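**Q** sequence first, predicted model second:
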Amino acid sequence: MGRTSAQVRGPPPIGFVGETVVVTDTTPHARPAPAATGTPDPRPGLARPRAGRRYRRAVAVLTLVVAAWTVVWAVVTPMFRSPDEQNHVNSVLRIAYGGGWPPPGDAYFSPAIAEAVDEAAYPADLPGRWRHREDARQFVDVVPVPREDRTRIDGDNAVGDASSGTDVDQMTQHPPLYYALGAGVLHATGLTDARWDQVTLALRLLDALLLALVVPLAAESARRATGSPSAGLVAGAFPLLLPQLGHVMGAVNNDALVVLACAAATYLAVRVVTGDLRWRVAVAIGVVLGLGMLTKVMLAFAVPMVVAAYALARGRRWPGRLGRLAVAGGVTLAVGGWWWVRNVITLGAVQPVGRPRELSILATVPDDEVPSIITGRLAQSFFGNLSWLEVHVAGAWVVWGTVALMAAALVALVLPGARRTALVVLLTPAALAAGVAYNAWDFHAETGRLVAIQGRYVFGGVAALATAVAIAAWQLARRSDRRLARGVPVVVTLALAAAVGGLVWAFGAFYRGPGEGWGDAVDRWLAWSPLPEPALVVLLVIAAVVLLKGMVVALLWPRRLAASSTDAAPGALPPAVPGAPKDAR
């Protein structure tokens, strides 16, 4: 293993090209070092450590782990026991059967979905509900409709209108991209004419795939920010720590495409703030934000992150950065931002109301309780408020999880090394949380009630939070990849334990009635499932194998890294390169 002839301060960090170890600069935010001829590399931001095959394999395994975890959520969660799931399925069917995208307030549930909601025993209280109601129908008392007798969707019942006698479906207040994607999946799989529970499961699996694609984006964001492959693995395992994320992404929800679009925007913003100011990156940012805005307005809250990335990037003067930011903004507007401009011009609101709220069923909230209720509900529903928010994870987990995230963010922002990147990426979850709080506060000012306080609205910041947590872990390992590698087995093991523990807790909350054993819960689950028992057994075995593979990869990571590399001396800072910003170390 030969060193470069360049003289550097302290032992140089390493990177991988295939299985070969090479010396590279890993200083976050540093501009590329001058070439041997003395001419600077004209491509800013390209002097980053390349990923080795072992790292890429490990990320691929973590991607499969998150996919398998979410698929299990998809088959465990009772049908239509996630916020607005029946609405989302209904809107997919409308597009699949040529019903178009009516103006907000003019879309209706189809007869098929109205029957499906009844067959799914909604509403009925789940056994894990936070407060038992004696006078309410109990899910465990309902006899499931046999699979072969469940309603099939076809051209006669797939689309509703004003004459259907069904309720308004408010989802046309959003753009249709997610629903068009879902309709394409149904056509591609031949499931446009199938039982409603089969259709719902297929769309749930689509969302599981969309969440899985977040893993490599989060991992690469963290690796680029720190130069540490181990930090990438920490970021890749982060989604497993959030039961609510698995629950929502294992159901049918347009938030799945929002989470993926925000993750892609986060990765591109990290590239920008670490020096990649190529025009193609600006165009890619615009395409990602634009497509996201054709899904939901939540992508607008990623705009501050992009602005900050160009503002804090080094390598070009202000006119060059502003030009690239203008291109990103222009492409965003052309691809998807126009939808919201059109709303303001034609409807007088950024997002019109699809269906007015029934204020009579909402309790009034005293002014002095608003801040604490908003904070508490947002944190609770970020970590675990299953079904329609009535199944609560233990408050202690919420408190400790919130404290841990805040501590990680503080470490990433305060300690030198990747502060610019941490600041940039954390703007997205901060903006999303602030937007949810402001919307709730504003509604309370008008009506005295609180609504729409859901942690899933912050899930667009999952990749950003994963990156910040990985940066903090890298800092606590004193910016040593080898030292952090020894912590990867611990992090992944804890994440897998949280993933499995969350599923076991949810399974009991969904299916295990008072005084019943786990066998009763399993029998009830099998009766409600859209899949027959053999298919469920095969699926669970595959998921277990994938999770075990994730454990093995994590346990072997320090040994494989040690066999392939050397590391800087304990406490040594990464080498400086010409032009590096002062706070890059």
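**A** Ah, there it is.

**Q** so how far is stretch 366-379 off the chain centroid?
**A** Taking Cα atoms, centre = their mean, to the nearest Å, one finds the center of stretch 366-379 at 24 Å from the center of the full chain.

**Q** mean confidence for it?
**A** The average pLDDT within stretch 366-379 is 96.

**Q** contacts for that stretch?
**A** 365, 398, 401-402, 433, 436-437, 440-441, 444, 450, 453-455, 458 (Cβ atoms under 8 Å, 6 or more residues apart in numbering). Every C-beta, even on glycine, is put in place using the N, C-alpha and C of the backbone.

**Q** so among those residues, which ones count as buried?
**A** Burial by neighbour count, 16 or more other Cβ atoms under 10 Å: within these this picks out 365, 398, 401-402, 433, 436-437, 440, 444, 450, 453-455, 458.

**Q** Throw the residues you listed into TSV and include distance to residue 288 and secondary structure, thanks.
**A** Formatted as TSV, the buried ones among the contacts of stretch 366-379 follow (distance: Cβ to Cβ, whole Å; DSSP: H, G, I helix; E, B strand; the rest coil):
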residue	distance to residue 288	secondary structure
365	37	coil
398	31	helix
401	28	helix
402	29	helix
433	21	helix
436	22	helix
437	26	helix
440	28	helix
444	34	helix
450	32	coil
453	27	coil
454	24	coil
455	23	helix
458	19	helix
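
**Q** strands of the chain, start to end?
**A** For the chain, the strands defined by DSSP state E cover 14-17, 20-23, 385, 391-392.

**Q** by mean pLDDT, show me the worst of these.
**A** Note on those: lowest mean pLDDT is at strand 20-23, with a mean of 32.

**Q** what's around residue 396, how many residues?
**A** For residue 396, the neighbour count with other Cβ atoms under 10 Å is 8.

**Q** go on, the one 4 residues further on?
**A** When counting by other Cβ under 10 Å, one arrives at 12 neighbours for residue 400.

**Q** same deal with residue 345?
**A** Neighbours around residue 345, by other Cβ under 10 Å: 8.

**Q** same question for residue 403.
**A** For residue 403, the neighbour count with other Cβ under 10 Å is 10.

**Q** so what pLDDT did it get?
**A** What the model reports for residue 403 is a pLDDT of 97.

**Q** circling back to that earlier point, for the contacts of stretch 366-379, name the two members farthest from one another.
**A** Using Cβ to Cβ, these span at most 26.0 Å, a distance reached by 401 and 444.

**Q** point out where this protein drops to low pLDDT.
**A** Along the chain, segments meeting pLDDT under 70 span 1-51, 562-585.

**Q** spatially central residue for it, please.
**A** For the chain, the residue nearest the mean C-alpha position is residue 259 (4.0 Å; Cα atoms, centre = their mean).

**Q** for the nearest residue to it once chain neighbours are set aside, which residues are in contact?
**A** Leaving aside its chain neighbours, residue 259 sits nearest to residue 459 (5.1 Å; criterion: Cβ to Cβ, 6 or more residues apart in numbering). Neighbouring residues of residue 459 by Cβ under 8 Å, 6+ apart: 245, 248, 249, 255, 258, 259.

**Q** one more pass at 10 Å, please.
**A** Taking Cβ atoms under 10 Å, 6 or more residues apart in numbering as the criterion, residue 459 is in contact with 211, 214, 239, 242, 244-245, 248-249, 253, 255-256, 258-259, 262-263, 298, 382, 429, 432, 465.

**Q** and if you look at residue 436?
**A** Going by Cβ under 10 Å, 6+ apart, residue 436 touches 298, 301, 374, 377-378, 381, 452-458.

**Q** list just the nearest of the contacts of stretch 366-379 to residue 161.
**A** Closest to residue 161 out of these is residue 454 (29.7 Å), distances taken as Cβ to Cβ.

**Q** cool, thanks, talk later.
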